[in-house]
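> Next come a sequence and a model predicted from it.
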Amino acid sequence: MICAFKHRARIDFMSHDAPAKSTAQNKLVIRNIGLLLSGELDRPILDADTVVAIDGVIHAVGKAKDIDAAGATTTIDAKGTALAPGLIDSHVHPVCGDWTPRQNQLGWIDSCLHGGVTTMVSAGEVHTPGRPKDIVGLKAMAVFAQRAFQAFRPGGVKIYAGAPVLEQGMVEDDFKELAAAGVKFLGEVGLGSVKDGTTGRRMVAWARKYGIQSTIHTGGPSIPGSSLIDKDMVLETDADVIGHVNGGHTALPDDQIVALCERSPRALEIVHNGNERAALLALRTAKELKQLHRVILGTDSPAGSGVQPLGILRMISILSSLGEIPAEVAICLATGNTAKMRSLNCGLIAPGREASFVFLDTAQQSAGENLLDSIQKGDLAGVGMVITDGAVSIQRSRNTPPATRVPEVPRA
Ligand SMILES: [Zn+2]
């Protein structure tokens, strides 16, 4: 079994291709789960110790005595560790394969898998050297990136890429054409030549009409060449996601961040490569407004600040320990909240959802009494295993502090 998993992971990486589909039914049974973190904000902890997935989709969640575990093709003994949905990074900037020219680094996506991330959403392939800015070129690049990352999943990580950046001169038919070609997300509004609210709003509405979701860059310029997007442009454009509401990296003044929380109904994205004090302000404001369901997490990497393989785990610990929210709630921000706001079929441990999971346990020698307490004290969780679409992608993480306990795959 273990050999088969390693083989599969290697095949994915080496062949640069999606795993081959098999006609035989694959039944995964995970038992002895010590803590089931659902990803659902209204009910973040479930009273369950067993999960069954068939062909990469969650089939049953409950107590062992109530679940039919017969005929499993793979059984995992969680050894009392916590099971959470695979983490989602709502804001990445991929370019090509598992390489980023921003820091000239190879294997960054695979490193994030070792931080528990199983799904990434592109906020634009904007670091592409020589990125085309004419309309034919930007559309061609978006379709290429969507196709390439659909077929290439480093270690099993699913990347929703092909996120075109708005440029002046785009017309409604461009959005219709992009949607028909499979494009689902726009890159950050404001990173191209569209820098006024009126044009932004018109194009975002066209995108929405054809089922393409939008994100807007919020705050000061991220790198030389980009520019300030203030609260007035964010509110007027009305993109689906207020990208890095805490700046990427330079944040808006506090009163503007509060105004975005209060006056827009859209998703509030908090990123690792932003202003962490502003992150806490946005979180606190959303909490006071009783709108925590709007808060989603990303890294905004690769960036000038680099790549953070543990970025989402770090955001969970930072927001829980300094933002004073329970750890199980912080995990929902990085899973179920993002899945709902981004219309993804992952992020929740519930029947019908994608069977992508991360096994977490208290890091060795943490002062926390248990996993949740350790996160609330600001420590990072240890990752013991990651599953993508019902198959084991990695066992003990090479990147997190070592988990105290790790799941096992008993030999048949
Ligand atoms: Zn940005």
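Looks like it arrived, so ask away.
> ok, Pro221 - contacts?
Contacts for Pro221 (CB atoms under 8 Å, 6 or more residues apart in numbering) come out as Ser227, Leu228, Thr250. Heads up, the C-betas are built off the backbone N, CA and C, glycines and all.
> I misspoke; the intended subject was Arg284.
By CB under 8 Å, 6+ apart, the contact set of Arg284 is Gly323.
> can you narrow the contacts of Pro221 to ones near the ion?
Checking the contacts of Pro221 against the ion by CB under 5 Å from the ion, not one of them is in range.
> List the buried residues in stretch 249-268.
249-252, 256-261, 264, 266-268 (16 or more other CB atoms under 10 Å).
> Ignore what I typed, I meant stretch 304-315.
Quick answer for stretch 304-315 (16+ other CB under 10 Å): Ser305, Gly306, Val307, Gln308, Pro309, Leu310, Gly311, Ile312, Leu313, Arg314, Met315.
> quick one, phi/psi of the second one?
Spelled out, that is Gly306. Backbone geometry at Gly306, expressed as degrees, to the nearest 10, gives phi 100, psi -160.
> Return the alpha-carbon coordinates of the host helix or strand of Gln150 using PDB.
Gln150 belongs to helix 135-151 when assigned by DSSP states H and E. The C-alpha coordinates for helix 135-151 follow below in PDB (Å, rounded to 0.1, in the frame of the first residue of the first chain):
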ATOM      1  CA  ILE A 135      -6.400  41.300 -25.300                       C
ATOM      2  CA  VAL A 136      -5.700  38.300 -27.600                       C
ATOM      3  CA  GLY A 137      -2.500  37.600 -25.700                       C
ATOM      4  CA  LEU A 138      -4.000  37.800 -22.200                       C
ATOM      5  CA  LYS A 139      -6.900  35.500 -23.200                       C
ATOM      6  CA  ALA A 140      -4.500  33.000 -24.700                       C
ATOM      7  CA  MET A 141      -2.400  33.000 -21.600                       C
ATOM      8  CA  ALA A 142      -5.400  32.500 -19.300                       C
ATOM      9  CA  VAL A 143      -6.700  29.500 -21.300                       C
ATOM     10  CA  PHE A 144      -3.200  28.000 -21.400                       C
ATOM     11  CA  ALA A 145      -2.700  28.400 -17.600                       C
ATOM     12  CA  GLN A 146      -6.200  26.900 -17.000                       C
ATOM     13  CA  ARG A 147      -5.500  23.900 -19.100                       C
ATOM     14  CA  ALA A 148      -1.900  23.400 -17.900                       C
ATOM     15  CA  PHE A 149      -2.700  23.400 -14.200                       C
ATOM     16  CA  GLN A 150      -5.800  21.300 -14.700                       C
ATOM     17  CA  ALA A 151      -3.500  18.700 -16.100                       C
END
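> Number of residues surrounding the closest residue to Phe175 other than its chain neighbours?
Closest residue in space to Phe175, ignoring its immediate chain neighbours: Trp206 at 4.3 Å, by CB to CB, 6 or more residues apart in numbering. Using other CB atoms under 10 Å, Trp206 has 21 other residues around it.
> picking up where we left off before, with secondary structure, pLDDT and distance to Val392 added, can I get the buried residues of stretch 304-315 in JSON lines?
Supplementary listing: these in JSON lines, determined by DSSP: H, G, I helix; E, B strand; the rest coil; pLDDT from 0 to 100; distance: CB to CB, whole Å:
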{"residue": "Ser305", "secondary structure": "coil", "pLDDT": "94", "distance to Val392": "31"}
{"residue": "Gly306", "secondary structure": "strand", "pLDDT": "95", "distance to Val392": "28"}
{"residue": "Val307", "secondary structure": "coil", "pLDDT": "96", "distance to Val392": "24"}
{"residue": "Gln308", "secondary structure": "coil", "pLDDT": "97", "distance to Val392": "24"}
{"residue": "Pro309", "secondary structure": "coil", "pLDDT": "98", "distance to Val392": "19"}
{"residue": "Leu310", "secondary structure": "coil", "pLDDT": "98", "distance to Val392": "20"}
{"residue": "Gly311", "secondary structure": "helix", "pLDDT": "98", "distance to Val392": "23"}
{"residue": "Ile312", "secondary structure": "helix", "pLDDT": "98", "distance to Val392": "20"}
{"residue": "Leu313", "secondary structure": "helix", "pLDDT": "98", "distance to Val392": "19"}
{"residue": "Arg314", "secondary structure": "helix", "pLDDT": "98", "distance to Val392": "24"}
{"residue": "Met315", "secondary structure": "helix", "pLDDT": "98", "distance to Val392": "25"}
